[in-house]
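> missing the sequence, but the structure's below:
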């Protein structure tokens, strides 16, 4: 079956860049967990090449199995000396394969919900009710671990209510508008409000943008590229109506997707240039805060031990490495402790932990072990999937450790006293 003209065929140049050196192997969480060359970046690239030359068919279940087990963390891209665009190749391959075999029903259901605003609002409302009532925490305690994990993840998003505070700022750095996101606004509302407050304190004037949709990252990663493009167009149109200087994102996965809208829509004549212009406005929240200092928090009382775990799509896709540490370094009320293998994936990867729970569990296990070794009371990470995956694992293991977004910690520090100006 010819793949001429397929998304994978159009991405062939990136595939040809691989020299099969193997530097990617120790950077790949599924290779480390499964110890199978077919579940490594090099092995999967060879499978992609075999699909193109017809050595294997795209309905081969073994090929699909090895490709489906890829987290898409893109750690291999950071390790690759040849610059292989593995993330784009994986998405192109999955888009090619989806044409002949649909995704698992769980994936189709989740993606359908995220593509439809009304269904998404209903789903997130039910999730908040389950969390707020304590049902999610109860089910996490009584159900078998594999079934309990989604409920533990949801329970871990619960936050204690804190007195509101009003930030003061002069907007000297310009205007910013927040990509509120789906899970971020639905389950991490406090993080979004903390993002707005901390940016205000650090010189940004915040404005709202109506008409936002899901960023499309989940759809693109799964091979549902047409749905991802439709969502991208809606977001571009919405943010074009905003006069803000920058579009700020506090979710690593969403930020990576938005910064790559130009690639996603490169073959769409009506939207390609608009996508590039939009992507150029996108900044991760840590980038903006680090550029502003950020203003330090006041030191008070006992300092909490905090370990930073780098989200894959912040470190490997966006290549934003130092800014989150600069934010954490400004916290006078915490002490930053090292976390071994902080650059390794936690196993979340969008909806991966729902469709590949066994592999996700095996990838998460060493992460939880490293957290225990660090002695941290708080794990800071800037992505909702990572917060839920790590938080869920900590909940199931009954650890006295919590997962928090770095912006939450900065906001808490500011709330303790007016930040110095």
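Structure's in. What do you need? As the structure is a prediction and not an experimental result, all values here were calculated from the model.
> list the helices and strands the lowest-mean-pLDDT helix or strand in the chain packs on?
Least confident element among the helices and strands of the chain, by mean pLDDT, DSSP states H and E: helix 352-355 (a mean of 89). Applying 3 or more C-beta pairs under 8 Å, 6 or more residues apart in numbering; DSSP states H and E, one finds that helix 352-355 contacts helix 105-114, helix 145-155, helix 357-374. In short, each C-beta sits where N, CA and C put it, glycine included.
> rounded mean pLDDT for the first one, please.
This means helix 105-114. If you average the pLDDT over helix 105-114, you get 94.
> tell me the mean pLDDT for stretch 385-392?
For stretch 385-392, mean pLDDT rounds to 97.
> which residues are in contact with the closest residue to residue 225 other than its chain neighbours?
Among residues not flanking residue 225 along the chain, residue 95 sits closest, at 4.5 Å (C-beta to C-beta, 6 or more residues apart in numbering). Counting by C-beta atoms under 8 Å, 6 or more residues apart in numbering, residue 95 touches 7, 8, 223, 224, 225.
> which single one of those residues is nearest to residue 158?
residue 224 (30.7 Å; C-beta to C-beta).
> quick check on the closest one: phi, psi?
Main-chain dihedrals, residue 224, degrees, to the nearest 10: phi -90, psi 70.
> what does residue 307 give?
Dihedral angles (degrees, to the nearest 10) for residue 307: phi -110, psi 140.
> let me see the contact set for it.
Contacts for residue 307 were tallied using C-beta under 8 Å, 6+ apart; they are 336, 337, 338, 339, 342, 371, 374, 376, 378, 379, 380.
> same check, this time on residue 261
By C-beta under 8 Å, 6+ apart, the contact set of residue 261 is 232, 235, 236, 275, 276, 278, 279.
> go on, residue 269?
Listed by C-beta under 8 Å, 6+ apart, the contact set of residue 269 is empty.
> correct me if wrong: residue 25 contacts residue 34.
No: in this structure residue 25 lies outside contact range of residue 34 using C-beta atoms under 8 Å: 11.8 Å.
> surely residue 338 touches residue 374?
Yes: the pair residue 338 / residue 374 is scored as a contact, 6.7 Å apart, by C-beta under 8 Å.
> more crowded one of those two?
residue 374 (20 against 12; other C-beta atoms under 10 Å).
> low-confidence ranges, the stretch 301-421 of the chain, go.
Residue ranges of the stretch 301-421 of the chain with pLDDT under 70: 418-421.
> how about the strands in it?
Remark: strands assigned in the stretch 301-421 of the chain by DSSP state E, counting those that start in this stretch are 304-308, 334-337, 378-380, 402-404.
> paired strands for the longest one, with orientation please.
Spelled out, it's strand 304-308. Next to strand 304-308 in the sheet, as set by DSSP bridges, lie strand 334-337 (parallel), strand 378-380 (parallel).
> got the angle between it and helix 357-374?
With axes from the mean of the first three to the mean of the last three C-alpha atoms, to 10 degrees defining the directions, strand 304-308 sits at 140 degrees from helix 357-374.
> residues contacting the closest residue to residue 255 other than its chain neighbours?
Closest residue in space to residue 255, ignoring its immediate chain neighbours: residue 249 at 3.8 Å, by C-beta to C-beta, 6+ apart. Neighbouring residues of residue 249 by C-beta under 8 Å, 6+ apart: 178, 179, 181, 255, 258, 282, 283, 284, 285.
> for those residues, which one is nearest residue 57?
Nearest to residue 57 out of the contacts of residue 249 is residue 258 (C-beta to C-beta; 35.1 Å).
> which residue is the nearest non-sequential neighbour of the closest one?
Residue 258 sits nearest to residue 282 (C-beta to C-beta, 6+ apart), 4.6 Å away.
> need the residue closest to the centroid of the chain.
Geometric centre of the chain, nearest residue: residue 253, 2.9 Å, by C-alpha atoms, centre = their mean.
> and that one, what helix or strand is that in?
helix 252-259 (DSSP states H and E).
> buried residues in that helix, which are they?
Within helix 252-259, the residues scored as buried using 16 or more other C-beta atoms under 10 Å are 252, 253, 254, 255, 256, 257, 258, 259.
> so how far is the helix or strand that that helix is followed by off the chain centroid?
Using DSSP H and E, the next helix or strand after helix 252-259 towards the C-terminus is helix 261-264. Helix 261-264 has its C-alpha centroid displaced from the chain centroid by 17 Å (C-alpha atoms, centre = their mean, to the nearest Å).
> what do you get for stretch 81-89?
19 Å.
> now the terminal residues of it, how far apart.
By C-alpha to C-alpha, to the nearest Å, the extent of stretch 81-89 from end to end equals 17 Å.
> so for it, what's the average pLDDT?
Stretch 81-89 carries an average pLDDT of 95.
> and what of stretch 10-30?
The average pLDDT for stretch 10-30 rounds to 93.
> one more: stretch 203-215?
For stretch 203-215, the mean per-residue pLDDT is 96.
> cool, and stretch 180-197?
Per-residue pLDDT over stretch 180-197 has a mean of 96.
> other residues contacting it?
Against stretch 180-197 from outside (C-beta under 8 Å, 6+ apart): 114, 120-121, 124, 127-128, 131, 154, 157, 159, 165, 167, 178, 206, 212, 214-215, 248-251, 254, 285, 384-385, 387-388, 405, 407-408, 410-411, 414.
> ChimeraX command for the buried members of those residues?
Only the buried members of the contacts of stretch 180-197 end up in this ChimeraX selection, burial being decided by 16+ other C-beta under 10 Å:
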select :114,120,124,127,128,131,154,157,159,167,178,206,212,214,215,248,249,250,251,254,285,384,385,387,388,405,407,408,410,411,414
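> pipe the strands of the stretch 301-421 of the chain into TSV and attach distance to residue 185 per row.
Below are the strands of the stretch 301-421 of the chain laid out as TSV (distance: least, C-beta to C-beta, whole Å):
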stretch	distance to residue 185
strand 304-308	24
strand 334-337	26
strand 378-380	20
strand 402-404	17
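> which of those is buried the deepest?
Per residue and on average, the most neighbours among those fall to strand 378-380, with a mean of 25 (mean count of other C-beta atoms under 10 Å).
> which residues touch that strand?
Contact with strand 378-380 is made by 304-309, 324, 328, 334, 339, 371, 390, 394, 401-406, 409, as judged by C-beta under 8 Å, 6+ apart.
> stretch 167-178 too?
By C-beta under 8 Å, 6+ apart, the surrounding residues in contact with stretch 167-178 are 192, 195-209, 239, 242-250, 283, 288, 291-292, 414, 418.
> those in strands, which ones?
204, 205, 206, 207, 246, 247, 248, 249, 283 (DSSP state E).
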